[in-house]
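**Q** no FASTA, just this:
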Ligand code: N01
């Protein structure tokens, strides 16, 4: 049997209607390929559909956290703040869906449960929650890097009589918080954004913190017309800077999380007076300016002490300040966080902190949480407990390749990809911003334009050259994985004391493998383009 013997629903099926999926549909359709997008959520937007918790906003400047492929779109769209809120980004992505007439090819409220490669016809068969079956030649997995929520389970969890809600599954109709006793578990980016907002309305808020975070004041501001006009006047130049920069960031406005250090001085050579002067000038960012903190753990620890000093100066209760202070893991190991009044929130009388380094959650009862030290009565339990990052969204689907191989099994010891895009054993399947690509280490929309654009070119090449299948070559894949590991070695990301979701360390049983490619966008895209220029070397084309 060949492809011509089966009825195809589309040339390409894209899984996910977040940023990658929407852009994939746009570019694939522009290339004349019949494309269908399958989406689990009732609406488009991916991350920006699901994460609608109070305080949710992006920590990349909005004028950069947007697409540059259409100069008219970027000129017309008005961002109101330096860091856009979730509703604004969701509105922007809905605008894109309408503007480019994408909705007619997007099937919402029907998640993909299985994707199976049919070797007899070189096609992919998709099965959905609603029992639909659709077939295409190519599969584009735009399933997202932070889209598989991680839900801890404590004894008695199901017995809780109040409301349990996960930040990344916040209901559209909202959650009643006013006058309630609320507990938040988790102090990563999501927890740190939601905590100050919930504190404003809850009767009492209890924060359950396992690992204190490094977080910096975002200094978010409304964007003035003048600022917006000035950037829009040189938008093309700015986009080129983004496409060519390490993390697809041009550093236009506000605090920029990906860029530090900013100074040539070494903290190991500094005097106490110089360090004090740094605190007075830079506040929480005093720890970020030194040149030697990225490569030297002693320097790093000295810098962290400046951060702890800022917490002591901000949080009135010394015990709470100490509990909020990061210790035992270096600055630069976990994803930096930007906040709005996070540490100040702990000065409120109606907010308390439970330090899970000193006590443990023993059980959830109908009335609240019992720790090894106390009972905390709760009406609402908010889980800001993160994601099975970069691999979870793919391994939760039954993706079957050649010879019935299951991706979940093949990745049991860590994901293996070629360029973060192709997977040996899974022909004609392409992953967007997957493990082994810069992914979560770079600004998504410009990165997506580059990487998903590359995938679309590849698919077009295959079609135009009458090729039936493209599959990552095992040796090329191993070489790429070795390169991804080698670049991460010696960085704070992989320090022995670092336990981050970049390493899969937040998920019990997940192998400790550094997931994204830390070599930066220019090196990454240079390699991708070199591969394309050499007839897609490293892929077996049939
Ligand atoms: O998830 P996280 P997140 N008991 O994994 C704790 C992006 N993002 O959703 O550190 C107790 O960072 C866990 O503790 P520990 C951004 O890339 C961006 O906050 O594992 N605690 C941690 O404190 C970000 O990095 C934005 O010890 C438990 C927290 O839960 C990424 O998404 C906004 C626990 C999880 O933190 C993920 O952020 C939001 C347990 N059993 C997200 N299990 C912006 O753009 C987990 N924890 C601003």
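**A** Noted; the coordinates are in hand. Here the structure is a predicted model, which means the values were calculated and not measured.
**Q** who in the stretch 51-200 of the chain is up against the ligand?
**A** Neighbours of the ligand within the stretch 51-200 of the chain, by CB under 6 Å from any ligand atom: 58-59, 146, 152, 185-191, 193. (Glycine included, C-beta is placed from N, CA and C.)
**Q** what is the most widely separated pair among those residues?
**A** Farthest-apart pair in those is 58 and 152; separation 25.8 Å (CB to CB).
**Q** where does pLDDT dip in the protein?
**A** Within the chain, the stretches with pLDDT under 70 are 1-4, 253-261.
**Q** residue 534: neighbour count?
**A** Residue 534 has 9 neighbours, counted by other CB atoms under 10 Å.
**Q** hmm, I typed the wrong one, I wanted residue 325.
**A** 17.
**Q** so residue 231 sits against residue 63, correct?
**A** Yes - with contact defined as CB atoms under 8 Å, residue 231 counts as touching residue 63 (5.1 Å).
**Q** quick one on the thing from earlier: okay, residue 58 and residue 152: which has more neighbours?
**A** Using other CB under 10 Å, the more surrounded residue of residue 58 and residue 152 is residue 58, with 23 against 14.
**Q** please name the nearest non-neighbouring residue to the closest residue to the ligand within the stretch 251-400 of the chain.
**A** Proximity of the stretch 251-400 of the chain to the ligand (CB to the nearest ligand atom) peaks at residue 386, 2.5 Å away. Setting aside the residues directly before and after it, residue 386 is nearest to residue 150 in space (CB to CB, 6 or more residues apart in numbering), at 5.0 Å.
**Q** residue contacts, that neighbour?
**A** 385-388, 392, 506-507 (CB atoms under 8 Å, 6 or more residues apart in numbering).
**Q** and residue 111, by the same measure?
**A** 38-40, 128-129.
**Q** gap between the residue nearest to residue 386 and residue 166?
**A** In this view, residue 150 and residue 166 are 9 Å apart by CB to CB, to the nearest Å.
**Q** identify the contacts common to the two.
**A** Joint contacts of residue 150 and residue 166 (CB under 8 Å, 6+ apart) are residue 385.
**Q** helices and strands around the lengthiest helix in the chain, which ones?
**A** Under DSSP state H, the helix in the chain containing the largest number of residues is helix 444-464. Helix 444-464 sits against strand 10-15, helix 19-30, strand 133-141, helix 235-244, strand 429-431, helix 521-533, with contacts defined as 3 or more CB pairs under 8 Å, 6 or more residues apart in numbering; DSSP states H and E.
**Q** so the first one versus strand 133-141, what angle?
**A** Taking axes from the mean of the first three to the mean of the last three CA atoms, to 10 degrees, one finds strand 10-15 and strand 133-141 inclined to each other by 70 degrees.
**Q** and strand 10-15, what does it pack against?
**A** Under the contact criterion of 3+ CB pairs under 8 Å, 6+ apart, strand 10-15 touches helix 19-30, strand 35-38, strand 123-128, strand 133-141, helix 444-464.
**Q** can I get the ones you listed in JSON lines with mean neighbour count?
**A** Output for the helices and strands packed on strand 10-15, formatted as JSON lines (neighbours: other CB atoms under 10 Å):
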{"stretch": "helix 19-30", "mean neighbour count": "25"}
{"stretch": "strand 35-38", "mean neighbour count": "24"}
{"stretch": "strand 123-128", "mean neighbour count": "22"}
{"stretch": "strand 133-141", "mean neighbour count": "22"}
{"stretch": "helix 444-464", "mean neighbour count": "21"}
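**Q** residue 215: which of those is closest?
**A** Using CB to CB, the nearest of the helices and strands packed on strand 10-15 to residue 215 is helix 444-464, at 20.6 Å.
**Q** that closest one: how far from the chain's middle?
**A** 20 Å (CA atoms, centre = their mean, to the nearest Å).
**Q** all helices of the stretch 251-400 of the chain, in order?
**A** 272-282, 297-314, 318-323, 342-345, 392-395 (DSSP state H, counting those that start in this stretch).
**Q** mind putting those in JSON lines, distance to residue 110 and mean neighbour count included?
**A** Output for the helices of the stretch 251-400 of the chain, formatted as JSON lines (distance: least, CB to CB, whole Å; neighbours: other CB atoms under 10 Å):
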{"stretch": "helix 272-282", "distance to residue 110": "49", "mean neighbour count": "13"}
{"stretch": "helix 297-314", "distance to residue 110": "46", "mean neighbour count": "18"}
{"stretch": "helix 318-323", "distance to residue 110": "45", "mean neighbour count": "16"}
{"stretch": "helix 342-345", "distance to residue 110": "38", "mean neighbour count": "20"}
{"stretch": "helix 392-395", "distance to residue 110": "16", "mean neighbour count": "23"}
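**Q** for the ones you listed, could you give me CSV that also reports distance to the ligand?
**A** Listed next are those as CSV, based on distance: least, CB to the nearest ligand atom, whole Å:
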stretch, distance to the ligand
helix 272-282, 21
helix 297-314, 16
helix 318-323, 13
helix 342-345, 12
helix 392-395, 12
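**Q** contacting residues for whichever residue of the stretch 51-200 of the chain sits closest to the ligand?
**A** Per CB to the nearest ligand atom, residue 188 is where the stretch 51-200 of the chain lies closest to the ligand, at 2.2 Å. Residue 188 sits next to 213, 334-335, 337, 384, 386 when contact means CB under 8 Å, 6+ apart.
**Q** redo the helices of the stretch 251-400 of the chain as a markdown table? Include distance to residue 18.
**A** Shown next, in a markdown table, are these (distance: least, CB to CB, whole Å):
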| stretch | distance to residue 18 |
| --- | --- |
| helix 272-282 | 35 |
| helix 297-314 | 33 |
| helix 318-323 | 36 |
| helix 342-345 | 27 |
| helix 392-395 | 10 |
